[in-house]
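Sequence first, then the predicted structure, then my questions.
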Amino acid sequence: MKKYLSTLILLLAAVIWGFAFVAQKAASSIPAYTLLFSRSIIAIVALIPITLIFDKLSKGDRKLFGSKKKPIDISKKELIGGIVCGIFLFAASALQQIGITDTDAGKTSFITALYVVIVPIYALLLGKRSPINAWIGIAIAVVGFYLLCIKDGFTIAPSDLLVVLCAFVFAMQIMAIDFVISDCDGIRLSLVQFATVTVLSLVFALIFDPPFDFSEITAVLPELIFLGIGSSGIAYTCQIIGQKNSEPAVASIILSLESVFGALFSAIVLSERMQAREYIGCALVLAAVIISQLDFAEIISKIRNKKDRKKSA
């Protein structure tokens, strides 16, 4: 049951991120680090009351703002883990945002989604084997992403290399979450993660971005609010909670559905018509997700048991 609930939570994250591609492109007029700072500070403002509500509903002894001895109830592992995850998330988001301004959105989503290949390779290097169904799903998903995202041939531009690096760093963030989540509160981990992104993006914005222009920010305020509350606050928290009972390779396949939802929402919101190859790509990625959820060992065992019962009868 926990496995399927985790799947639904990860799927929700993918849906929100899919729509975020539209919002992210619309808000790309804002300098990359300023955009990251704006959406991260909104995410923190949204996550604080969510943490307080969950503390109350859980009826445990944890309170975000506690006693004088411990003014903020965040464990050492949540703090260190959140900082590490935040550093990876900041680097990946910055690379993606800088890259997306000079490249096609479809190509960006395809290259970013290649973390589905990188995650199980990282896991293998760390001595964590991914199930065979995950590798089959990955192979099918890559073909699906290509059909879905790449329309006019595939060439690598300098901005694309930034997005390639982004895919590698996103994979690191997924693996970092898998490493620390077992003994952490997911919402607190997300809160520390975005506090880290906020600090880093502010420092980089002050160094590399032009001075804050509030008129530019207010012009895309609805997009920023969605990116802050939806994409950052809700979706990344769903990712952390969903990964708690999922294999990292399987989780990455489900999360990569953001490319499919991105294409669908672009068709709905921006009236972009999808071609036959794009629909085939969507179907292949969906098939990859379904295959990644199957337990081949259990299926084979059931088939053998049925055969044995027939023989004994």
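Cool, the structure landed.

tell me the average confidence for the strand or helix carrying residue 50?
Using DSSP states H and E, residue 50 sits within helix 32-58. The pLDDT scores in helix 32-58 average 90.

for stretch 14-26, same thing?
82.

Figure out how far that stretch is from the centre of its chain.
Relative to its parent chain, stretch 14-26 has a centroid offset of 11 Å by C-alpha atoms, centre = their mean, to the nearest Å.

coming back round to it: could you list the buried residues of the helix holding residue 50?
Neighbour counts over helix 32-58 (16 or more other C-beta atoms under 10 Å) mark 32-44, 46-47, 50-51, 54-55 as buried. For the C-beta atoms, the positions are set from N, CA and C on the backbone; glycine is no exception.

and what of stretch 162-181?
Using 16+ other C-beta under 10 Å as the test for burial, stretch 162-181 gives 162-163, 165-178, 180-181.

For burial, what's the neighbour tally of residue 209?
For residue 209, the neighbour count with other C-beta atoms under 10 Å is 19.

Pull the number of nearby residues for the nearest residue to residue 32 once chain neighbours are set aside.
Once flanking residues are discounted, residue 32 sits nearest to residue 97: 4.2 Å by C-beta to C-beta, 6 or more residues apart in numbering. Taking other C-beta under 10 Å as the criterion, the count of residues near residue 97 is 24.

Assess the claim that residue 97 and residue 24 are in contact.
Yes. Between residue 97 and residue 24 there is a contact under C-beta atoms under 8 Å: 7.2 Å.

Check the spatially closest residue to residue 294 that is not a sequence neighbour and give its pLDDT.
Using C-beta to C-beta, 6+ apart and skipping residues adjacent in sequence, the residue nearest residue 294 is residue 133, 5.2 Å away. For residue 133, the pLDDT comes out at 80.

same question, the one 4 residues further on
At residue 137, the predicted lDDT confidence score is 82.

give me the element it is part of.
According to DSSP H and E, residue 137 maps onto helix 132-149.

Quick check, pLDDT for residue 143.
86.

Got the phi and psi for residue 28?
Phi and psi for residue 28, reported as degrees, to the nearest 10, are phi -70, psi 0.

show me the contacts for it.
If a contact means C-beta atoms under 8 Å, 6 or more residues apart in numbering, then residue 28 has 35, 97, 100, 101 as its contacts.

how about 6 Å then?
Counting by C-beta atoms under 6 Å, 6 or more residues apart in numbering, residue 28 makes contact with residue 101.

likewise residue 12?
Neighbouring residues of residue 12 by C-beta under 6 Å, 6+ apart: residue 238.

Next, the angle from the helix or strand in which it is found to helix 32-58.
Assigned by DSSP H and E, residue 12 falls within helix 2-26. Between helix 2-26 and helix 32-58, the angle formed by their directions is 150 degrees, by axes from the mean of the first three to the mean of the last three C-alpha atoms, to 10 degrees.

what comes up buried for helix 2-26?
6-7, 9-26.

Next: stretch 222-230.
For stretch 222-230, a neighbour-count test (16+ other C-beta under 10 Å) marks 223, 224, 226, 227, 228, 229, 230 as buried.

All good on my end, thank you.
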